[in-house]
Structure formats: C-alpha cells, structure tokens
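Asker: Structure, please.
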Amino acid sequence: MKKWLVLLLLPLVLVFTGCSSSNMSAIEEQDDGTRATYLKSNNSLLYSRLGIRDPKMTMAGDLMRAQATLENRWKFKLDFQYKVKWFNADGFEIAPEGRPWTTVVMPGRTQLNVQASAPNPTATRFEIWVQE
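Answerer: Now for the predicted structure:
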C-alpha cells in the first residue's frame, strides 16, 4: 500500500517542484522581426496574474531610458517586488547589484507605469523581473 502511495505522489511532487523553480518570460515580436523579452519571474502564479503593455525605450542623453506598464490581470490585489535589469549588446547584465527591488501593492485590475534609466551608456536592452 505504501509503495503505491509513493508511486502515485512522486510524479505530483516532481511536477510542482519543477513549476516553482523555472523562470517564466514574456516574449514579444518586434517590428523588425526580432524578439524581445520584457517581463520575467521565477514565480509562475505571480507571472500568470501580471501582464506587460507598451514597453518602450528612448535615449536621455547617452543613457537608455525604459518604460512599460505592468497590469494586474487578477481581480484581487497583488503584493510583489520588481526590478529593472539592464544588459549590454553581448547579453551581459550591467551593474547587477546596483538597483534594489521595489515593493508594489497593486489593487485588482489596475495598471502601473514603471520607468528606469540605464546605469551606463553600454545598455542595449532591459528586462523587468518580478518576485513575491
């Protein structure tokens, strides 16, 4: 009996363990045919309740500036943290410890504009990471 119980529960444990540790990301097709990732999380439940709209990049002097709208698609409030990560043309993260996580409480079905400036002129793209 115990052997059967272990055999039945083991696949469920493996599935839930795998789901909690994988990174989720939103990939958008660009006008020029390239793909860009803007929203990432290692929490699949939080990721499923958040959306990202209208990601933009512009230059402010020689620094890149980014803006995007986070959208709480769930009907209840979400408590989470976000962090904008910047990457250079080679895909290396720039100043990984330079920016802290920002805590946010979003009521259900609301939007929040997120803005950030790159830490130096080598930045070419950004990602918004979210966590609980």
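
Asker: can you list the weak-confidence ranges in the protein?
Answerer: Residue ranges of the chain with pLDDT under 70: 1-35.

Asker: Nearest the geometric middle of it, what residue?
Answerer: residue 40 (2.5 Å; CA atoms, centre = their mean).

Asker: Please, which helix or strand holds residue 45?
Answerer: Assigned by DSSP states H and E, residue 45 belongs to helix 44-49.

Asker: and that helix, what other elements does it pack with?
Answerer: strand 24-29, strand 78-88, strand 123-131 (3 or more CB pairs under 8 Å, 6 or more residues apart in numbering; DSSP states H and E). The way it works is simple: take the backbone N, C-alpha and C, and place the C-beta from them, glycine included.

Asker: For those strands, give me CSV that also has mean neighbour count.
Answerer: Shown next, in CSV, are those (neighbours: other CB atoms under 10 Å):
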stretch, mean neighbour count
strand 24-29, 13
strand 78-88, 18
strand 123-131, 19
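
Asker: For residue 54, which of the ones you listed is the nearest?
Answerer: The closest of these to residue 54 is strand 24-29. By CB to CB, the value is 10.4 Å.
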